[in-house]
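1. Here's my sequence, what's the structure:
(one chain, ligands or ions: 2)
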Amino acid sequence: MGTYQIYLENIKKTYKDPKELVVFENLCLKIIESEIVAIIGPSGSGKTTLLNLIGVIDNPDEGTIEILGKDIRNLNENEKANFRNENIGFIFQMPHLVNELTIFENVLIPSLIKYKFLNGNVKKRAIELLEYMELAQKKDNFPFEISGGERRRVEIARALMNSPKIIIADEPTANLDPNLKFSIMDLIYKIRKDFKTTIIFSTHDYEILKYADKIYKIENRKLKLISEEN
Ligand SMILES: Nc1ncnc2c1ncn2[C@@H]1O[C@H](COP(=O)(O)OP(=O)(O)O)[C@@H](O)[C@H]1O
Ligand SMILES: [Mg+2]
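-> Numbering: from 1, shown residues only. Ligands and ions are numbered 1, 2, ... in the order given. I've put the predicted structure just below:
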């Protein structure tokens, strides 16, 4: 669907275990380039499930999903993994950095997966991203030697490593104190401006919704547009 970066149509998603649970039915969502979209809804409403569908981590039972114009139903698991690694950056609720690797090495991981080896360009990009995150001086430190806010920034640098068109952030500010919360959201906002990335984040924190161009709420197994800028 040419103009949309993210296109979901009539999605049905059920979990079978422990008993059948219909999370979405006839869910539609269309997101254009460089949009920042927030998904809200109470705990258990399906925010993570939706982000996993968009992130090509999980499959719907029914419906169409096209990400960057690609119909992901036609991809096998290996192709999905490559598609994800090259096109989508993930920011999680709890940063999971590899403790045995330095900050610099952590940021390099997506490129290592993509190219199987590290060339000078890749290392240069990692350094540039660490500079962008104001973390260049910490590049040889280990994750346990830096602060929680710095770890988040390392994770965001890593998410940007392969220049993804889309960033998916599942409750990126959960468990953060207010200062850190706004600094992380400021950073996400700046990334959209500087890299033209499409960003979709989930939250139940109404204070960060001001960063979104559009806000959708999960309600009755569907998405409802509740606010749109302009
Ligand atoms: N892998 C799974 N298997 C079975 N049920 C699941 C699975 N993941 C989530 N669920 C259920 O689906 C519903 C939506 O979950 P989730 O997408 O994690 O919601 P949210 O992120 O909004 O808290 C919840 O009832 C949850 O218990
Ligand atoms: Mg969740």
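2. measure the residue nearest to residue 203 when sequence neighbours are not counted to residue 49 for me?
-> Take residue 203 and drop its neighbours on the chain: the residue closest to it by C-beta to C-beta, 6 or more residues apart in numbering is residue 171, 5.7 Å away. C-beta here means a position set from N, CA and C on the backbone, and glycine is covered the same way. As judged by C-beta to C-beta, to the nearest Å, residue 171 and residue 49 stand 13 Å apart.
3. Compare those two (neighbour count), which wins?
-> residue 171 (22 against 18; other C-beta atoms under 10 Å).
4. and the more buried one, what does it touch?
-> Residue 171 sits next to 47, 93, 201, 202, 203, 204 when contact means C-beta atoms under 8 Å, 6 or more residues apart in numbering.
5. I'd say the last one and residue 44 touch.
-> Okay, so that is residue 204. No. With contacts counted by C-beta atoms under 8 Å, residue 204 stays clear of residue 44, the gap being 10.8 Å.
6. what sits against residue 106?
-> By C-beta under 8 Å, 6+ apart, the residues touching residue 106 are 97, 98, 143, 154, 158.
7. Of those residues, grab the buried ones for ChimeraX.
-> In ChimeraX, a selection of the buried entries from the contacts of residue 106 looks like this (16 or more other C-beta atoms under 10 Å):
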select :97,143,154,158
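8. Show me which residues of this protein sit near ligand 1.
-> 15, 17, 21, 23, 41, 43, 44, 45, 46, 47, 48, 49 (C-beta under 6 Å from any ligand atom).
9. Show the residue spans covered by the strands in the protein.
-> Using DSSP state E, the strands of the chain run over 4-15, 21-32, 36-40, 62-67, 70-71, 88-91, 166-170, 198-203, 214-219, 222-228.
10. To residue 138, which of the ones you listed lies closest?
-> For the strands of the chain, proximity to residue 138 was assessed by C-beta to C-beta; strand 88-91 is nearest, at 18.7 Å.
11. That closest one pairs with which strands?
-> Its sheet considered, strand 88-91 pairs with strand 166-170 (parallel) by DSSP bridges.
12. residues of the longest helix seen in the chain that come out buried?
-> Taking DSSP state H as the criterion, the chain has its longest helix at helix 178-195. Buried residues in helix 178-195, counted by 16+ other C-beta under 10 Å: 181, 182, 184, 185, 187, 188, 191, 192, 195.
13. what does stretch 198-216 give?
-> So, applying 16+ other C-beta under 10 Å, buried residues of stretch 198-216: 198-203, 205, 208, 211-216.
14. ok, of those, which one's closest to ligand 1?
-> residue 202 (6.5 Å; C-beta to the nearest ligand atom).
15. Tell me how far the closest one lies from residue 134.
-> Residue 202 is 26 Å from residue 134, by C-beta to C-beta.
16. now residue 210
-> Residue 210 is 24 Å from residue 134, by C-beta to C-beta.
17. go on, residue 185?
-> In this view, residue 185 and residue 134 are 16 Å apart by C-beta to C-beta.
18. likewise residue 57?
-> 30 Å.
19. Counting neighbours, what do you get for the spatially closest residue to residue 159 that is not a sequence neighbour?
-> With sequence-adjacent residues excluded and distances taken as C-beta to C-beta, 6+ apart, residue 159 is closest to residue 89, at 3.2 Å. Applying other C-beta under 10 Å, we find 27 residues neighbouring residue 89.
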